[in-house]
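**Q** need a 3D model of the sequence below.
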Amino acid sequence: MIGRVRRVNGPLVEVDGLAGLAMAELLEVGGAGLPAEVVTLVGDRATAQAYEYTGGVRPGEPVRRLGRPLAARLGPGLTGGVYDGLLRPLTGAGAWLRPDATPATGGRSWRFSPGATEGARVGPGDPLGTIGDAGPLEHRVLVPPGVHGRLDTLRPAGRYADDEPVAVVDGNPVTLAAWWPVRRPRPYRHRLPAAAPLVTGQRVLDAVFPVVKGGAAAVPGGFGTGKTVLLQQIAKWCDADVIVYVGCGERGNELADVLAELAELTDPRTGGRLADRTVLVANTSNMPIMAREASIYTGVTVAEYYRDMGYDTVVIADSTSRWAEALREFASRTGALPAEEGYPAGLASALAAFYERAGRVTGLGGREGSVTIIGAVSPPGGDLTEPVTAHTQRFVRTLWRLDRDLAYARHYPAVSWAGSYCRDTATIGAWYAGDGDPGWTTRSARMLALLAEADRLAALADLVGAAALPGPERVALLGGRLLREAVLQQSVLSGNDAYCAPAKSAALADLVLDVVDRCTELVTAGRSPGDLTDRDFSALIRAREETAPADADAVRGRRDAILSALELP
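**A** Okay, the predicted model is just below:
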């Protein structure tokens, strides 16, 4: 059926002459075939939001219905690529302005190796074979959701196009690539409880405010507090199998930096490029705003696709505030009643639906996988009470709040220990106890308590002077400073300090806590507090940069020398 454009208002296109349309159905508008999604229906008239710039589209131009919702084409070869918000490849010098019309994974052939037996009964998620040339990870070809029965045909090993059937299950052809609606979560068998932490290599996160695999975390912070750098560090160093980085409304030069750094960084797992197991969804601030609204759904759909293969995936959305602004602009154009600060009334529900797609699950085929979602929030003016930040905190289990004062004091990562939290501390502590670190929970609690006490005393010391405080309080001030400088700070530019293994993080924290305990004992025994707090602790502070990223033994080797120096007059 062919309809006609009636009116164009920015990204909104009114269409006449298409009876029987459904909400969220995808259309192709004009001679260029611009993708647009139906958002309102009144009789035979529909309003659709276009996902590309509508300049040049005129009334009377044809509109074609596709009979399906907005969907992404999922198949081998997604990792290592750069795509727009609709998962179309971005290539060439004009990549940031106009995507390639070819869908992701389209037009290529792959080396297929069968892994099932003809005549067997198979169900959704069961393996049919593997792809051997789709990147460093084994790409598993699975029976699609909703398909089950007898495996009538399975093609032999060879090269096949991604739209060519490699199997037939109960009369249903199975191709290497298939479309999936991005707003519909992919099905799974069971949701599993949280267990292991996602190791990020950032001490303040792993040692104090961890996030579980399959959990959700948010990173709120004003301009200049280091959100993008922290998210890039997580993308580089976390122990997930697949990274999906969604640049949602951010500046193009920042995403270009991400691409360049990922291409240069060696993957510690494979020895190849880290970019080869990363999917970058780039919808920068100069791209159509409505594709930004779809980009985070596209990113999480890709992550679920790899989750179903049994992989741990991480979705990094930078930033959800720009996505919410796209919702606000769209709502204003459609005449929806605005809620707080002009955002649509459904903002909280939309945020909840996004973060709810995180989880650790057993897939339809019985494999265990996870999707961890980490979303940046960019509140205007650093106001953390604005709607996007306030609603996001309701739906995440971990919050890494970035502090402007810490950032301006050149303390990076500028994660505030007073404003951040982790609601899965008990679960993660139990996991560490079973993994050989039974002191993780106690250590984390002691660090937070010491930092809080140091903050309290710092305000008092500003009034009366540190020398007027009793000895134990002066030691607490020293302990807070040592924790900040020797443990929580981390240099992105240091080869030894950009990444820190959990064992080294624990060794550094234990070293500081041991020094604090010994100083407290000496002060209680009558030692002058000034004699201890004025000591040179540079050897302790330098330990984080002078020892290898995973060399916890080297850190412990400094303990005796530092404690012995405290005994000297």
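**Q** centre of the chain to the helix or strand of the chain at the bottom of the mean pLDDT ranking, how far?
**A** Least confident helix or strand, the chain: helix 252-264 with a mean of 78, by mean pLDDT, DSSP states H and E. How far helix 252-264 lies from its chain's middle: 16 Å, per C-alpha atoms, centre = their mean, to the nearest Å.
**Q** show me which parts of it are buried, residue by residue.
**A** Gly252, Glu254, Leu255, Val258, Leu259, Leu262 (16 or more other C-beta atoms under 10 Å). (Glycine included, C-beta is placed from N, CA and C.)
**Q** same question for stretch 349-358.
**A** Ala350, Leu351, Phe354, Tyr355, Arg357, Ala358.
**Q** repeat that for stretch 434-453.
**A** Judged by neighbour count (16+ other C-beta under 10 Å), stretch 434-453 contains these buried residues: Trp440, Thr441, Arg443, Ser444, Arg446, Met447, Leu448, Leu450, Leu451, Glu453.
**Q** quick one: the fourth one and Thr425 touch, right?
**A** Yes: under the criterion of C-beta atoms under 8 Å, Ser444 is in contact with Thr425, at a separation of 6.7 Å.
**Q** number of residues surrounding Met23?
**A** Met23 has 11 neighbouring residues, counting by other C-beta atoms under 10 Å.
**Q** numbering from 45 from now on, please.
**A** OK, 45 is where the count begins now, so the last one is Met67.
**Q** and the nearest residue to it once chain neighbours are set aside, what is it in contact with?
**A** Spatial nearest neighbour of Met67, chain neighbours left out: Val82 (5.8 Å); criterion: C-beta to C-beta, 6 or more residues apart in numbering. Listed by C-beta atoms under 8 Å, 6 or more residues apart in numbering, the contact set of Val82 reads Leu65, Ala66, Met67, Ala68, Glu69, Leu70, Leu71, Ala90, Thr91, Ala92.
**Q** pull out the buried residues from the residues you listed.
**A** Leu65, Glu69, Leu70, Leu71, Ala90, Thr91, Ala92.
**Q** can you tell me which of those is nearest Asp206?
**A** Leu70 (20.4 Å; C-beta to C-beta).
**Q** pLDDT value on the spatially closest residue to Thr98 that is not a sequence neighbour, please?
**A** Distances taken as C-beta to C-beta, 6+ apart put Val52 closest to Thr98, at 5.4 Å, once the chain neighbours are dropped. Here the pLDDT value assigned to Val52 is 93.
**Q** same check, this time on Pro143
**A** For Pro143, the model assigns a pLDDT of 53.
**Q** what sits against Leu242?
**A** Neighbour list for Leu242: Pro254, Val255, Val256, Lys257, Gly259, Cys282, Asp283, Ala284, Asp356, Val358, Thr416 [criterion: C-beta under 8 Å, 6+ apart].
**Q** with Arg372 instead?
**A** Arg372 sits next to Pro382, Gly386, Tyr387, Pro388 when contact means C-beta under 8 Å, 6+ apart.
**Q** which ones are touching Leu220?
**A** 119-120, 149, 154, 156, 175, 185, 204-208, 210.
**Q** ok, 6 Å please
**A** If a contact means C-beta atoms under 6 Å, 6 or more residues apart in numbering, then Leu220 has Gly119, Pro120, Trp154, Asp206 as its contacts.
**Q** tell me which element the second one falls in.
**A** Right, Pro120. Pro120 belongs to no helix or strand when assigned by DSSP states H and E.
**Q** how about the nearest residue to it, chain neighbours excluded?
**A** The shortest distance from Pro120 to any non-neighbouring residue, by C-beta to C-beta, 6+ apart, is to Ala178 (3.8 Å).
**Q** would you confirm that the one you found contacts Leu122?
**A** No: the pair Ala178 / Leu122 is not scored as a contact, 8.3 Å apart, by C-beta atoms under 6 Å.
**Q** so what secondary structure elements neighbour the longest helix along the chain?
**A** Scanning the chain for the longest helix, with DSSP state H as the assignment, gives helix 484-508. Counting contacts by 3 or more C-beta pairs under 6 Å, 6 or more residues apart in numbering; DSSP states H and E, helix 484-508 packs against helix 469-478, helix 515-527.
**Q** let me know the angle separating the longest one from helix 484-508.
**A** Helix 515-527 and helix 484-508 meet at an angle of 110 degrees, taking axes from the mean of the first three to the mean of the last three C-alpha atoms, to 10 degrees as the criterion.
**Q** got it, and the first one?
**A** On the basis of the same axes, to 10 degrees, helix 469-478 is oriented at 120 degrees to helix 484-508.
**Q** quick one: contacts of helix 469-478?
**A** Here helix 469-478 has contacts from Ala238, Ala239, Ala240, Pro241, Pro254, Trp484, Thr485, using C-beta under 6 Å, 6+ apart.
**Q** which one of those has the most neighbours?
**A** The member of these that has the most neighbours, counting by other C-beta under 10 Å, is Pro254 with 27 neighbours.
**Q** that one looks like it's in a strand, true?
**A** No: the assignment for Pro254, made by DSSP: H, G, I helix; E, B strand; the rest coil, is coil rather than a strand.
**Q** do I have it right that it meets Ala240?
**A** No: using C-beta under 6 Å, Pro254 is not in contact with Ala240; the gap is 9.8 Å.
**Q** pull out the buried residues from stretch 163-178.
**A** Buried-residue list, stretch 163-178, by 16+ other C-beta under 10 Å: Val166, Pro168, Gly169, Asp170, Pro171, Leu172, Gly173, Thr174, Ile175, Ala178.
**Q** on that earlier part again, got JSON lines for the buried residues of helix 296-308, with distance to Ala530 too?
**A** Output for the buried residues of helix 296-308, formatted as JSON lines (distance: C-beta to C-beta, whole Å):
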{"residue": "Gly296", "distance to Ala530": "37"}
{"residue": "Glu298", "distance to Ala530": "30"}
{"residue": "Leu299", "distance to Ala530": "34"}
{"residue": "Val302", "distance to Ala530": "29"}
{"residue": "Leu303", "distance to Ala530": "34"}
{"residue": "Leu306", "distance to Ala530": "30"}
